[in-house]
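J.: Sharing a model that was predicted from the sequence below.
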Amino acid sequence: MRRSTRPSRQPSSRRRTAVLASATALLSLGVLVPTAPAQAAPPGPVVVRVVDGDTIEVRGTGRVVPAGDVVRVRLLEIDTPERGECYFREATARTRELLPPGSTLRTETDVRLKDRNDRYLLYVWNEQGVFVNESLVRSGHARSVLFEPDDKYWKTMTAAEAAARQAGAGLWSACPTS
């Protein structure tokens, strides 16, 4: 019978002992730190429907909105035309384009979590990373509106509105009283 000249694929017990001793020494010195497996951040809320240009319904995942709850969210620092007003349909359609049902959001709170109508007050980013509140103002689908004390992005919103007004974007040229 012929012996194989191939080296064994399994480390010898002496080698395993040496590796284990080295790892133990590194751990005790703090050089090698055991880590837990990386966990992905839980996804944000999921869009259920767009109510109008500045209000959506989402299903929570437990971060800000309780997991499984379907709640109304009012986009902070903006105001879009209401039903029957000039540019209502366009503003609602644009919000639906940015936040299609089934899409996941990244959200951020400000000072207050809810308004007097029990709607969550949030800044929202879509799956593409677009800051939806600001995008609606910049494209002329919304006005910037400050409801103190929630003012985290107020400078961003007023700059976006100034740009939209100057360009005559959206409601700034379509609606005579804007």
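T.: Received it, and whenever you're ready, just let me know what you need.
J.: What distance do you get for the closest residue to Trp154 other than its chain neighbours to Tyr153?
T.: Spatially, and ignoring its direct neighbours in sequence, Trp154 is nearest to Leu146 (5.8 Å; Cβ to Cβ, 6 or more residues apart in numbering). Bear in mind the C-beta positions are built from the backbone N, C-alpha and C, glycine included. From Leu146 across to Tyr153, the span is 10 Å (Cβ to Cβ, to the nearest Å).
J.: Can you pull up the most central residue in this structure?
T.: By Cα atoms, centre = their mean, the chain has its centre lying nearest to Arg106, at 1.0 Å.
J.: ok, back up a step: between Leu146 and Tyr153, which has more neighbouring residues?
T.: Ranked by neighbour count (other Cβ atoms under 10 Å), Leu146 and Tyr153 place Tyr153 first, with 21 against 12.
J.: quick revisit: distance check, the residue nearest to Trp154 against Ala93.
T.: Distance of Leu146 to Ala93, computed by Cβ to Cβ: 26 Å.
J.: Helix, strand or coil: sort out Arg49 for me.
T.: Under DSSP: H, G, I helix; E, B strand; the rest coil, the three-state class of Arg49 is strand.
J.: Does it touch Glu57 like I think?
T.: Yes: with contacts counted by Cβ atoms under 8 Å, Arg49 reaches Glu57, the gap being 4.9 Å.
J.: remind me which residues of this protein are low pLDDT?
T.: Applying pLDDT under 70 to the chain flags residues 1-42, 178.
J.: Let me see the ranges of the helices in it.
T.: For the chain, the helices defined by DSSP state H cover 13-29, 88-98, 132-138, 154-167, 171-174.
J.: contacting residues around the third one?
T.: Think helix 132-138. Applying Cβ atoms under 8 Å, 6 or more residues apart in numbering, the contact partners of helix 132-138 are 53-54, 75-78, 80, 91, 94-95, 98-99, 123-126, 142-144, 153, 156-157, 160-161, 163-164, 169.
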